[in-house]
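Visitor: The sequence isn't on hand, but the structure is:
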């Protein structure tokens, strides 16, 4: 029964990692699994676990089936022969209390309730049902994830709620009050070189809540960056205390839903949460060094900066890329984000001028090396020269893929190779921006360039504004980190 | 020689359209054309004109060639047998004064100078050369476009500086101080159902400048929306007067380069312009009802709103789409942009509840119809019901293409058809947001859905935030338009 290659039993002794067992079940029962391919809900959890090669036992539970996806099905969790650590519940809400009682009898440790229709409906019936389930679980010693959520994605334990998620582990821990947002971030992140230690979609948070997951991530050695999507907070004091500890320990990046009046209304209707006063939350984040973001895209942007960029020593940026208008936009976008673009000194301009034609270019900074695209070698030399200026703390290079492709794929490849060579050789952090109007024919080329840059260790952004904003949050975090660390005991 | 089917000679009499002849040359000489495929500059103009089927005479000018792209080449403009209205100049800067003298002798009306290396270099030699050329041109009665620019894209006259631009005309007039930005906007716009009457890339603006093009667009009957990218202004008083007139006449949308200190430095180095105090420009825009945007993407977003959305009567939005987290984000993004998301009244919720399962959905507004994706018919009915609430002024619907595709292309097609049917049937303006993590495999599906929506007359955005921001500028313009119109004589 114990075939957990990935489980580190020694960690069970650490109180601060008390939740670790949640991510290492010996067996999972999927209650409400179905063999009907049109039953999306009945298929998704079992299929994902099989696809991820979950190494423990898997038990479909469905009174109307003998076998589902090649696995023997049981009418009730009580009928399962071996022990069951974890139950995924996707049966209708009114049937859940009986299931919890069955789980208690079976000695189940954790129930993840996908099932919705509780307090978030705002209706008395759902609210009471939720309270009843919580009481049954507490009395029986069962921890609940949810209800109204997608549960766990933990690639190291071969657990996932989507078949298509990456199978590899990473260092980002994400807890999300929305299942859709959990999926969306994993999918965006997959394309941007970001992998996760654990992702928890936790919905209404009736039992285990944001504070529990935050505390876990603070101490989880597999998690180096903490990301969160929260709509409301169950226990404000505990959460704030932990948020402070988190921010002092690891980069902690929070997307808060319900920051406006309309959003707060949507939050109440989504997870039954109270969004709270946004100004208070904002002030707390600033005070504690928590990094606040305003969309999932920005969350991915900032995670990427932390994962792929060594902290720049300051905020002065050297911008290199083709196009006069693009260079002006780049300078405005960097400056607006708090990253000035200082002019290069005469001696470096003189060096650049040796191979940069005077017409249709700029060697001031931003360096407009349209000419560079004509020669990968000069492009490389340009990057080297800009990086050599001691006032420059980091580089942002931008590539117009649509324009580059007019000169053929081979030229694109050579230019990207030159860029990466220069980026590796220079001693300054560098981000790459890939610009495109977005024609579908170009999507694959954009993807390939991005992959190459990520494999070489450089963060990639779709616009200079997004690159600058993410990097500016990385720099601000590193600037404030030291003092906060000293203030704290 | 006169084979101008598209030319409306009657307009020549209108003083306010004095510049109209620029867009209707009888013949164009391309000085610096080359038959070498590696000479990008020597190829682009002639190739584009041929590809667009320019209906007048085309004369390549190159002393070293007899024939270029199947056309007889001439060593000098003076050697061309017939009259030459328009000259495109891409020869090195030091050779330009002699060319201008030749053009004067030949009776040329307009010279578009692609050639760069003048005042924008900041060097005395370039500044003096630019002054000399201007003087020669003025004395000889020649108007100059540029230098340091891409010139004209006027599909109605079969004139273009890029082969791949759309061949169809539209109603947007765009003057851009950056050639790269002109290209980029046309390419972004091409994918988003936006077409142009005329686009002018005008660079250093030594003779014809932003005020001239603005005045032309105010009076050009083919131009319904005026868009501009400007870095500096040559004659502030005249420009401000015209900007006021423009904003009172047509939606006038301006992207201003050099709004920060770093950007202003880049502007000086790009087109030799003085960016000016940004607060002054911002105050002017507010006062005059000019719509200010901060990136080319936003410029396209706002143009799309004006082209595809009838002005909403107010700013209350009904949001319909799948996903609880996505709905919360939608509500926050709309509210932040000044578009409140009012809760639906009980009677409409009751109707929605008839077919919307209570669990995992929200019928408050945003309406989270994940269930709707399972049934195009219910999706359509949901849109109809939300639109029926009299407090709702406009709809934003969002589609998660990645999620939808899991259920197959046929389901996607049916959902989109239902969406468009509902959008056409309801009497409220509607925008469609297509969400995707951005995997290259999905790019074609996104493109196809966008095309279908555009063909049905609905604007399409990649995020709810961008949709809300663009629509909010459309609403603000329509609210301020009336009073301004009344104030003015």
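Guide: Looks like it came in fine. Because the structure is a prediction, the values reported are computed rather than measured.

Visitor: who in the stretch 101-250 of chain A is up against chain B?
Guide: Applying CB under 8 Å from any CB of the partner chain, we find that the stretch 101-250 of chain A lies next to chain B at A:115-117, A:120-121, A:123, A:126, A:148, A:176-184, A:187-188, A:190-191, A:229, A:231. Every C-beta, even on glycine, is put in place using the N, C-alpha and C of the backbone.

Visitor: Weed out the non-buried ones from these.
Guide: A:115-117, A:120-121, A:126, A:148, A:176-184, A:187-188, A:190-191, A:229, A:231 (16 or more other CB atoms under 10 Å in any protein chain shown).

Visitor: how close does residue A:171 get to residue A:222?
Guide: Remark: distance between residue A:171 and residue A:222 (CB to CB, to the nearest Å) = 7 Å.

Visitor: Residues that sit against both of those two, list them.
Guide: Common neighbours of residue A:171 and residue A:222, counting by CB atoms under 8 Å, 6 or more residues apart in numbering or on different chains, are residue A:197.

Visitor: Just the element for the nearest residue to residue A:227 once chain neighbours are set aside, please.
Guide: Spatial nearest neighbour of residue A:227, excluding adjacent residues (CB to CB, 6 or more residues apart in numbering or on different chains): residue A:174 at 4.3 Å. Secondary structure assignment for residue A:174, by DSSP states H and E: strand A:172-176.

Visitor: what's the distance between that strand and the middle of its chain?
Guide: Relative to its chain's centre, strand A:172-176 lies at 6 Å (CA atoms, centre = their mean, to the nearest Å).

Visitor: Partner strands of the helix or strand containing residue A:397 and their direction?
Guide: Here residue A:397 sits within strand A:394-400, counting by DSSP H and E. Partners of strand A:394-400 in the sheet, by DSSP bridges, are strand A:317-321 (parallel), strand A:430-435 (parallel).

Visitor: follow-up on the earlier one: what sits up against the strand holding residue A:174?
Guide: Under CB under 8 Å, 6+ apart, the answer for strand A:172-176 is A:182, A:185-186, A:189, A:194-202, A:210, A:213-214, A:216-217, A:220, A:222-230, A:303, A:307, B:325.

Visitor: 7 Å - rerun?
Guide: A:182, A:185, A:194-202, A:210, A:213, A:217, A:220, A:223, A:225-229, A:303 (CB atoms under 7 Å, 6 or more residues apart in numbering or on different chains).

Visitor: And that strand, what's buried?
Guide: For strand A:172-176, the neighbour count (16+ other CB under 10 Å) marks A:172-176 as buried.

Visitor: Out of the buried ones among the residues of the stretch 101-250 of chain A next to chain B, list just those in strands.
Guide: A:176, A:229 (DSSP state E).

Visitor: Could you check the pLDDT of the closest residue to residue A:264 other than its chain neighbours?
Guide: Nearest residue to residue A:264, sequence neighbours excluded (CB to CB, 6+ apart): residue A:275, at 3.8 Å. pLDDT for residue A:275: 73.

Visitor: If I follow the layout properly, residue A:275 ends up in contact with residue A:233?
Guide: No - using CB atoms under 7 Å, residue A:275 is not in contact with residue A:233; the gap is 9.3 Å.

Visitor: Pull the contacting residues for residue A:466.
Guide: By CB under 7 Å, 6+ apart, the neighbours of residue A:466 are residue A:301.
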